[in-house]
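Chemist: fold the following.
(chains A, B, C and D)
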Number of protein chains: 2
Amino acid sequence: MSNSDKSVVGRLRKLIGEGAFQQGERLGEVAVAEQLGVSRTPVRLAFRTLEQEGLLHRAGKRGFRVREFTEADVLCAVEVRGALEGLAARRLAEQGLSSALAADLAFWIQEGRDLLAKGYLDEPDIETWGELNRHFHESIVGSAGSSVIGDAIARNNHLPFAAADSIIIDSEALEREYRKLQLAQVQHELVVQALRHGEGARAEMLMREHALIGLRYAELLDVGPHLPV
Amino acid sequence: MSNSDKSVVGRLRKLIGEGAFQQGERLGEVAVAEQLGVSRTPVRLAFRTLEQEGLLHRAGKRGFRVREFTEADVLCAVEVRGALEGLAARRLAEQGLSSALAADLAFWIQEGRDLLAKGYLDEPDIETWGELNRHFHESIVGSAGSSVIGDAIARNNHLPFAAADSIIIDSEALEREYRKLQLAQVQHELVVQALRHGEGARAEMLMREHALIGLRYAELLDVGPHLPV
DNA sequence: CCGCTTCATTTTGGATCCAACTAAAGCATA
DNA sequence: TATGCTTTAGTTGGATCCAAAATGAAGCGG
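Modeler: Below you'll find the predicted structure:
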């Protein structure tokens, strides 16, 4: 809420995400406060927030430790997002798309088509895709009839590797990323198709699969064929 | 971590759950601090925790408001738990049950059978069922290979109506509750059966359905037949 | 009469102080 | 030498103080 408060939480989140602290390292309030140049109070507040976000957890009776993540945790966090976004998609399909939402989704679909139409990817496209991808996912989750799902996803997304916009990993291999985004675009369009037809189960499954694109699609794309789109 | 800190969070959680504050009511730090007889500091810490738990949310640029819940939110929170527990069950089925876990689950299944064997329910049984139900669910979620799912469920369970042990609502109508627990027991046993056979999809769906028992089964049980168990 | 600006009150954020508790080191004794 | 107790340093929680920001009201001007 306040500038500094947010900034302390944000800066710590960033530092943890960047691996500035060792996994499992004990964080003392005074040490962190000095490192960030603030007093203990905002750090204490931030620790509570970060604890709930899952980035820190209590170390016995005193202090906090940096949460350590295994590969299994990464996969699990992605699957959790898939399960939750899938739930949102199912609910949306079952309750029926409003025309406003249908138009909204169609707009982001078209944005994606436009982005990919030129047949390759360059640096600024990554940011553009991130934006439209975020809008697309937020439109679906935000229209599921309750903010509870969105909140759960937001909390899960605090794990740095779980967020939906962590698709782009390698900005060096833009050709592979282009093919990945082609697949993502196809999945987006299929999800919208399912939503339009009220196919709840299909929308859910497509969304769950879509969540895995950042993890499981890389090996396919190195050797796989180009998609005819 | 500290007594008072936990107690402030816990007391506020309880107060909010009991509806001591009006939905959407603005909570001032000083007011709450005086009401609880502590200084502002622990209240400020507690507010951050409760915000992350979803019980409070920021009111514009100043202060927090009590989160207001609609019926749709309640249903959604239960479905979220179902989706997450279902995910845990699926993963568990796919990775295979350890013999230790199989024994553990079998134990809680047997506890459930013993509890229901006498053919009716009395007051202390409610607490007993709550215990074994909690153990059963925790065993599954805690063995899914990562604490990420469990954390997400724990955060969701902070919504007072979403937790798995909020099945028992009406301790006046013990006969209906007995039939509800019979169904819950059957579902537990079916889940374990699916887990044993590695039937991931079935385990997931059973778990998701099981989550709805507190919401959607009441109307059935008023008029429905007794189960032959 | 309406709108903008300014001021005062209220509320929150940050810093500091003190007390309580924890963990570890050191000492003594068996 | 090992075990157990005591002491001590370090860390965290709670309270209070001060400053900054925001909200609401009052006053001024168009």
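Chemist: for residue A:134, give me phi and psi.
Modeler: Phi and psi for residue A:134, reported as degrees, to the nearest 10, are phi -60, psi -50.
Chemist: from residue A:86, how far off is it?
Modeler: 18 Å (Cβ to Cβ, to the nearest Å). Backbone N, C-alpha and C define where each C-beta goes, glycine included.
Chemist: out of these two, which sits in the busier spot?
Modeler: Neighbour count, other Cβ atoms under 10 Å in any protein chain shown: between residue A:134 and residue A:86, residue A:86 has more, with 25 against 14.
Chemist: for the most centrally placed residue in chain A, what are its contacts?
Modeler: Most central in chain A under Cα atoms, centre = their mean is residue A:163, positioned 1.6 Å from the mean C-alpha point. Applying Cβ atoms under 8 Å, 6 or more residues apart in numbering or on different chains, we find residue A:163 in contact with A:81, A:157.
Chemist: for residue A:144, see how far away it is.
Modeler: Separation of residue A:163 from residue A:144 (Cβ to Cβ): 18 Å.
Chemist: repeat that for residue A:176.
Modeler: For residue A:176, the distance to residue A:144 - Cβ to Cβ - is 32 Å.
Chemist: neighbour count for the two, which is higher?
Modeler: residue A:144 (23 against 18).
Chemist: the more buried one should be in a helix, yeah?
Modeler: No: secondary structure of residue A:144 (DSSP: H, G, I helix; E, B strand; the rest coil): coil, not part of a helix.
Chemist: my read: it touches residue A:92, true?
Modeler: Yes: using Cβ atoms under 8 Å, residue A:144 is in contact with residue A:92, at 5.6 Å.
Chemist: which SS state does the residue of chain A positioned farthest from its centre fall under?
Modeler: For chain A, the residue at maximal distance from the C-alpha centroid (Cα atoms, centre = their mean) is residue A:61, at 32.6 Å. Secondary structure, three-state DSSP: residue A:61 is coil.
Chemist: just the pLDDT for it.
Modeler: What the model reports for residue A:61 is a pLDDT of 84.
Chemist: now do residue A:172
Modeler: pLDDT recorded at residue A:172 is 70.
Chemist: hang on, it in a strand?
Modeler: No: assigned with three-state DSSP, residue A:172 falls outside any strand and is coil.
Chemist: burial of it, as a residue count?
Modeler: Neighbours of residue A:172 (other Cβ under 10 Å): 8.
Chemist: can you tell if whatever helix or strand residue A:92 lives in touches chain B?
Modeler: Assessed by DSSP states H and E, residue A:92 sits inside helix A:71-95. Yes: contact of helix A:71-95 with chain B (Cβ under 8 Å from any Cβ of the partner chain) involves A:72-73, A:75-77, A:79-80, A:83-84, A:86-87, A:91.
Chemist: with stretch A:201-214 instead?
Modeler: No: Stretch A:201-214 is not in contact with chain B by Cβ under 8 Å from any Cβ; minimum separation 9.2 Å.
Chemist: just the buried positions in that stretch, please.
Modeler: Buried residues in stretch A:201-214, defined by neighbour count with 16 or more other Cβ atoms under 10 Å in any protein chain shown: A:202-211, A:213-214.
Chemist: and that stretch, what's its mean pLDDT?
Modeler: Taken as a whole, stretch A:201-214 has a mean pLDDT of 96.
Chemist: contacting residues around that stretch?
Modeler: Residues contacting stretch A:201-214 (Cβ under 8 Å, 6+ apart): A:78-79, A:81-83, A:85-90, A:92-93, A:140, A:164, A:166-167, A:169, A:180, A:183-184, A:187-188, A:190-191, A:194-195.
Chemist: give the buried subset of the residues you listed as a PyMOL selection command.
Modeler: Buried residues within the contacts of stretch A:201-214, by 16+ other Cβ under 10 Å, are selected in PyMOL with:
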select buried, chain A and resi 78+79+81+82+83+85+86+87+88+89+90+92+93+140+164+166+167+180+183+184+187+188+190+191+194+195
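Chemist: the contacts of stretch A:201-214 also near DNA strand D: which ones?
Modeler: Applying Cβ under 7 Å from any atom of the strand to the contacts of stretch A:201-214, one finds that nothing falls near DNA strand D.
Chemist: from residue A:59, how far off is residue A:52?
Modeler: The gap separating residue A:52 from residue A:59 is 16 Å, by Cβ to Cβ.
Chemist: settle it for me: which of those two has more neighbours?
Modeler: residue A:52 (22 against 15).
Chemist: counting neighbours, what do you get for residue A:65?
Modeler: 17.
Chemist: any idea which element the closest residue to chain B within chain A lies in?
Modeler: Closest to chain B within chain A is residue A:52: 3.3 Å, counting by Cβ to the nearest Cβ. Applying DSSP H and E as the criterion places residue A:52 in helix A:40-53.
Chemist: just after that helix, pick out the following helix or strand.
Modeler: Criterion used, DSSP H and E; the element after helix A:40-53 is strand A:56-58.
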